[in-house]
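Enquirer: Prediction below, plus the sequence it came from.
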Amino acid sequence: MYRYFMHMAYDGTAYRGWQTQPGGKTVQQAVEHALSALIGEDISVTGAGRTDTGVHASFFVAHFDTGIALEDQMEHLVFRLNRFLPEDIVVYRLHQVPGDMHARFSATSRTYHYHISTVKPLYTRNYTHYVYGPLNVEEIARCCEIIMETTDFTSFSKLHTDVKNNHCRIMEAAWKKVDNGYLFEIRADRFLRNMVRSIVGTLLDVGQGKIDREDFRQIVNAKDRSAAGMSAPAKGLFLVDVTYRTQQD
């Protein structure tokens, strides 16, 4: 069997997330259908993570196995995939990897961006969350320091998931002022379901003066999802990078 990594991106607006599930259209479903049709085998695809309903990926990695050597036809297969796939999914590149490389388990970090607009968006309305009024960026920055010190993110995790623990190693957490809004960037070895959106929603409560830094610390220490703020809308969230123990060129 041959294993291939696929570098791709997608607009998550019309999908119930990455992972195949009953009763809803998913990105994984569309990709597997396209690969199976073009390669002529039943292809199963494994993604680098499970983005939730409505979440986007400007950079995503998936792998699949096939008994067919694709080395001499990968560029043409990418072209055919992009013609076959819907307009909101794009494949950039395919390349062969060792059989022990895994899109999910070999990843060493993932980076998410959350986009917030302080001006009512028009053309980007499906990709940013509109927030009226100024935010206390200094207080949010202090809360980002707390995030960097935190390892247990139970307070920001979707309830009743199948994960064994809620521990994540945060490598970066920063709230930045950008043109007409803000950008939250967070990088970690793993993320829990709904984690980034619930963090952003709680940081917005901080920025709007509803809670302060000490309240935020108490929320973290409570290890209780009901203590945190509401999740920010999915449309502002993008997976933007995935790195691996052996970075593929």
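Expert: Looks like it came in fine.
Enquirer: how much space between residue 90 and residue 31?
Expert: 11 Å (CB to CB, to the nearest Å). Yep, even glycine has a C-beta here, placed from its N, CA and C like the rest.
Enquirer: which residues touch residue 147?
Expert: 170, 173, 186, 199, 220 (CB atoms under 8 Å, 6 or more residues apart in numbering).
Enquirer: which of those residues tops the neighbour count?
Expert: residue 199 (29 neighbours; other CB atoms under 10 Å).
Enquirer: domains for this structure, by residue range?
Expert: Listed by automatic domain parsing, the domain ranges of the chain are 2-105, 109-242.
Enquirer: between residue 90 and residue 31, which one's more packed in?
Expert: Neighbours per residue (other CB under 10 Å) separate residue 90 from residue 31, with residue 31 holding more: 26 against 16.
Enquirer: Is the more buried one located within a helix, as I assumed?
Expert: Yes. Following the definition DSSP: H, G, I helix; E, B strand; the rest coil, residue 31 is counted among the residues of a helix.
Enquirer: From residue 174, how far off is the nearest residue to it once chain neighbours are set aside?
Expert: When the adjacent residues along the chain are set aside, residue 31 lies closest to residue 45, with 5.3 Å between them (CB to CB, 6 or more residues apart in numbering). Spatial separation of residue 45 from residue 174 under the definition CB to CB is 32 Å.
Enquirer: Compare these two and say which is more crowded by neighbours.
Expert: residue 45 (24 against 14).
Enquirer: these two touch, right, residue 124 and residue 117?
Expert: Yes. Counting by CB atoms under 8 Å, residue 124 does reach residue 117; the two are 7.0 Å apart.
Enquirer: Which one of the two is surrounded by more residues?
Expert: Counted by other CB under 10 Å, residue 124 and residue 117 do not tie: residue 117 has more neighbours, with 21 against 15.
Enquirer: quick one, phi/psi of the residue lying farthest from the centre of the chain?
Expert: Most distant residue from the mean C-alpha position of the chain: residue 72, 31.6 Å away (CA atoms, centre = their mean). Backbone geometry at residue 72, expressed as degrees, to the nearest 10, gives phi -90, psi 0.
Enquirer: One more: residue 185?
Expert: Dihedral angles (degrees, to the nearest 10) for residue 185: phi -120, psi 130.
Enquirer: does the nearest residue in space to it that is not next to it in sequence sit in a helix, a strand or a coil?
Expert: Once flanking residues are discounted, residue 185 sits nearest to residue 174: 5.1 Å by CB to CB, 6+ apart. Look at residue 174: counting by three-state DSSP, its state is strand.
Enquirer: where does residue 174 sit relative to residue 221, distance-wise?
Expert: As for residue 174, its distance to residue 221 is 22 Å (criterion: CB to CB).
Enquirer: now swap in residue 100 and tell me
Expert: Shown here: residue 100 relative to residue 221, a distance of 39 Å by CB to CB.
Enquirer: On the pLDDT front, check residue 162 for me.
Expert: For residue 162, the model assigns a pLDDT of 66.
Enquirer: same check, this time on residue 94
Expert: Here, the pLDDT recorded for residue 94 equals 96.
Enquirer: What residues of the host helix or strand of it count as buried?
Expert: Take DSSP states H and E as the rule and residue 94 turns out to sit in strand 89-97. Burial within strand 89-97, assessed by neighbour count using 16 or more other CB atoms under 10 Å, is assigned to 89, 90, 91, 94, 97.
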